[in-house]
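Colleague: I would like the atomic coordinates for the input below:
(2 chains)
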Amino acid sequence: MNPFDDLALVEEEMAKCMKCGNCQAVCPLYKETLREAAVARGKVQLAYAYLKGELPATHSLAGKLLFCLTCMACVANCPSGVRVDMVVLAARAAMVREKGLPWVKKVIFQGLKRPWLFDTALKTGRRFQSLALRYRPEIQRCNPRFPIGLELRRVLPPLARKTLREEFPEVMQPVKARARAAFFTGCLENYIYTDTGRAVVNVLLANDVEVIIPRDQHCCGIPTLVHGDVPTAREMAASNLQIFQRYNFDYLVVACATCGEAWKHFYPQLLEHSPQGAAARVMAARARDINELLVQLDYRRPAAGLPLKVTYHDPCHLVRGQGISKEPRQILRSIPGLEFREMKNADRCCGNAGSFSLTNYDMSMQVQAHKVAAIKATGVDTVVTSCPACRMQLEDGLAQAGLSPRVLHVVQVLEQAYEKTGVGSRMSEVG
Amino acid sequence: MAGGDFLKELQAVLGPERLLTGTEDRWCYAFDAAAAQPKHLPLAVALPRSTEEVAGIMKLATAYRVPVYPRGSGTNLSGGVIPREDGLVISFVEMNNILELDIENLTATVQPGVVIQELNDAVAPYGLIYPPDPGSVATATMGGSVAESSGGLRGLKYGVTKDYVMGLEVVLADGTVFHCGGKTVKNVSGYDLVKLFCGSEGTLGIMTAITVRLTPAPEARRSMLAVFDRLEGAARTITGIIANKVIPATMEIMDNVTIRTVEAYCHAGLPVEAAAVLLLEVDGIPAVVEKEAAIVERVCRENGGQVRVARDDAERENLWTARRAALPACARLRPTTVLEDATVPRSKIPEMLLALERIARKYNVSIATYGHAGDGNLHPTITCDERDQEEMERVHRAVDEIFHTAIALGGTLSGEHGIGLAKQKYMELEFGASGVAVMQRLKQALDPLGILNPGKLVGPLPVKE
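Modeller: Coordinates of the predicted model:
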């Protein structure tokens, strides 16, 4: 048993809460709403009251617990060190166990759980997306034409014509490999931001790392976990693990903050007491964020200059979830000609929080406004981050604000520098 | 009481968005930061945005005889904003505008929901500070801190909140709005109503605008850490520095329990064998800082202290890290942290520290003591587990004895946290029956129906018709 199956296992976390309210100073949602139920102190007390039977599971209680970005700013600022994120996720799971999932989520999660269905749907989607999305060439992004569960104002990247996994062979070997990495592409990099995925492949090859992209991999399952659907998340974790176990590699590399958290922290927890527990822990030890891996492998420093003015946005699940914030900055600063300008509160949540931005678009944009203002103040032409979900949110926010900075993943900037340097991805395709 | 009609009329004043009546929302206002206090679900939570709305709420509360509990960020440590009965919580967090910065007169006028740090950020560009500096400065509101007259790390030189409040706009229980004080430095007309409302903990009236005094930010400052292997040395240093006519901005003490706890938590390089450390900071114009720092250093050495002076901002920051870690280090030891603020005359600090050691042994509880030694304001911090009834019994008896001791030493129940629910039972100890009766008469004169934060500070009064 773990907290996802039994809320009582985080009772100590809840008991530790001093109710001091320090979380109010850092919670992005409290800043916007000024409501106690929106901040960690309130949510922890609500979850505790539910555990002790003082509050029943209701639609409105579930709503309060879902109103959280799980950005962990409160965790980092808590004098008592309460793992608020674990309390919130465990409480959401407990609510779903007692009340069940709303039918919409049930339908969506059933789809996510069946990789072939999800894959087919998205591949079909790309053929018909022009029916639903209006392409805006000036920003190379789209707006929904009619409400398809998305805000009409929302600025979206189109689905890629070719998925990343269609684009590349399963195994790519550099001339002389010094390590072997299996690439977990994640949904966004596979279906939408294939440019990021391509950069991961090229940069790894340029650093003499063999890249394997397992064919059958699918969504990491975290969207289902954050909505409290633990059985589905567990099933997806087990399946991804099984798929990656078929390959032989040194590192499991990800370029998405949430997927990284999945492999490093959530899979071992979800599979703790299953026969796959040990394998999940082994895989967690091999999992690396791309920034982390490059620094660890002492990546090749680009020689040619890249005349960019750049700022960096820290994804919550990378900076607080995995403790990675120096590495991306180190990589950016190592690029000749690149001018790095730190923005104010670079580690403040951009407001995307995965599906939070789908269900709470207005609030998500309100949170995002602070980020856009901080970016604007730097006067940069390029915003860099390490998570495709943040990238999508930043692109939307900047476009809404009428600003034009491009948004790229760290690895894309490095790829550009390599291209100018003439470091080819010297590879020989296999398979 | 017709709760339904009351809420309906209230909703006409505030609209549905700013009147919270859902169970989960109300649950989140049933407590504050005070440990081991009861929770009580309020009837509703109102979030006004203007003085007019507050007056409207109070008129309705009077008409329907509904008790009202004013609340800022709820960071207070005395149970002062915990509602009792089915009352109405008024949260002031949406009345959060800085109404005026008057740089010529060095004043700021703010709504009660402004967070203290936000005021400091707003005046910093003018080279000014708002000196009261409670630990919760990043969260606590101005209204709450005036109502509790909170203090902080700079209390020794700069005083507490009531020393900075110059003028108030107040809404009384029946909805009457009046002003007292103003921007003049000299103001002696009539009763000092400004001081009366400072620290009144929401029992006499509701402050809807607050004018405070600002001071120039110190040009220079120097921090020092002095390590003592005998408590007496630290104690003599505290009085010795003042006797040498130096008033440091800060003079903080940490006892051995705290030192060990902090060191285990963050490895700040503190001497775990030391009986006590003093963290000192002098500030002002550079020449004075130079001179005063030399005196402080000399007095520390004369009393057996080893002194480390911070040479730059980075080193200063390092010294302060240890002091700031005191609370989190204690908080992580056990689930519940009972943070008290017993305060004694400066000269009685050693006696109080020894008494705390004795009390800890007597009741078999763990007490870490740190706090503002320069102003005699100690924070004995008891780490325990609220769920263990037997342990909490011992904790409560230890707390009783702490306050009896503080009063016996000529001290006070509260240096900066207020009385609220938690210390109300000791009020007679400090004021005597007649002193408490005076307060109750004031309370009855201004709030005859007893609807303002009933049950706090002066206790429950017979009011219901």
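Colleague: Show the contacting residues for residue 209.
Modeller: Just so you know, I chose chain A. Shown in contact with residue A:209 (C-beta atoms under 8 Å, 6 or more residues apart in numbering or on different chains): A:174, A:177, A:178, A:179, A:180, A:181, A:297. Using the backbone N, CA and C atoms, a C-beta is placed for each residue, glycine as well.
Colleague: ah, I was thinking of chain B
Modeller: B:51, B:99, B:109, B:110, B:111, B:112, B:168, B:169.
Colleague: Pick out the residue of the stretch 251-400 of chain A closest to chain B.
Modeller: Nearest residue of the stretch 251-400 of chain A to chain B, counting by C-beta to the nearest C-beta: residue A:344, 12.4 Å away.
Colleague: what residues does the helix or strand of chain B with the lowest mean pLDDT touch?
Modeller: The weakest-scoring helix or strand in chain B, judged by mean pLDDT, DSSP states H and E, is helix B:313-324 (a mean of 86). For helix B:313-324, the external contacting residues (C-beta under 8 Å, 6+ apart) are B:221-225, B:252, B:254, B:262, B:266, B:268, B:270, B:277, B:279, B:308, B:310, B:370.
Colleague: circling back: so is the nearest residue to the residue of the stretch 251-400 of chain A closest to chain B once chain neighbours are set aside in a helix, a strand, or just coil?
Modeller: Leaving out its chain neighbours, the residue that sits closest to residue A:344 by C-beta to C-beta, 6 or more residues apart in numbering or on different chains is residue A:374, at 4.6 Å. Taking DSSP: H, G, I helix; E, B strand; the rest coil as the rule, one finds residue A:374 in the helix state.
Colleague: quick one: average pLDDT of the strand or helix carrying residue B:122?
Modeller: Using DSSP states H and E, residue B:122 falls within helix B:116-123. Taken as a whole, helix B:116-123 has an average pLDDT of 97.
Colleague: do the same with stretch A:91-100
Modeller: 95.
Colleague: hmm, stretch B:88-103 in reach of chain A?
Modeller: Yes. Contact of stretch B:88-103 with chain A (C-beta under 8 Å from any C-beta of the partner chain) involves B:91, B:93, B:94, B:96.
Colleague: To clarify, my last question referred to stretch B:24-31.
Modeller: Yes. Judged by C-beta under 8 Å from any C-beta, stretch B:24-31 and chain A are in contact via B:24, B:25, B:27, B:28, B:29, B:31.
Colleague: Select from these the one having the most neighbours.
Modeller: residue B:29 (27 neighbours; other C-beta atoms under 10 Å in any protein chain shown).
Colleague: quick check, that residue in a strand?
Modeller: No. Per three-state DSSP, residue B:29 lies outside any strand segment and is coil.
Colleague: Without its sequence neighbours, what residue ends up closest to it?
Modeller: residue B:89 (4.6 Å).
Colleague: and that neighbour, that's in a helix?
Modeller: No. Read with three-state DSSP, residue B:89 is strand and lies in no helix.
Colleague: Can you name the residues bridging to it?
Modeller: As for beta bridges, residue B:89 partners with residue B:45, residue B:69 under DSSP bridges.
Colleague: just checking, it touches residue B:69?
Modeller: Yes. Residue B:89 is within contact range of residue B:69, at 4.8 Å (criterion: C-beta atoms under 8 Å).
Colleague: Relative to residue B:58, how far out is residue B:449?
Modeller: 11 Å (C-beta to C-beta, to the nearest Å).
Colleague: What of residue B:81?
Modeller: Residue B:81 is 17 Å from residue B:58, by C-beta to C-beta.
Colleague: Which one's more surrounded, these two?
Modeller: More crowded of residue B:81 and residue B:58, by other C-beta under 10 Å: residue B:81, with 30 against 26.
Colleague: Contact residues of the stretch 51-200 of chain B facing chain A?
Modeller: Neighbours of chain A within the stretch 51-200 of chain B, by C-beta under 8 Å from any C-beta: B:73, B:74, B:75, B:91, B:93, B:94, B:96, B:115, B:117, B:136, B:138, B:139.
Colleague: Show only the entries of these found in helices.
Modeller: residue B:117 (DSSP state H).
Colleague: Neighbour-wise, which one of the residues of the stretch 51-200 of chain B next to chain A leads?
Modeller: So for these (other C-beta under 10 Å), the most neighbours sit at residue B:73, 32 neighbours.
Colleague: Please list all residues in contact with it.
Modeller: Residues counted as contacts of residue B:73 (C-beta under 8 Å, 6+ apart) are A:21, A:24, B:93, B:115, B:136, B:139, B:140, B:141, B:144.
Colleague: What about the residues you listed, which are in strands?
Modeller: Judged by DSSP state E, the contacts of residue B:73 include no members of strands.
Colleague: State the distance from the residue nearest to residue A:344 to residue A:356.
Modeller: Residue A:374 is 20 Å from residue A:356, where distance means C-beta to C-beta.
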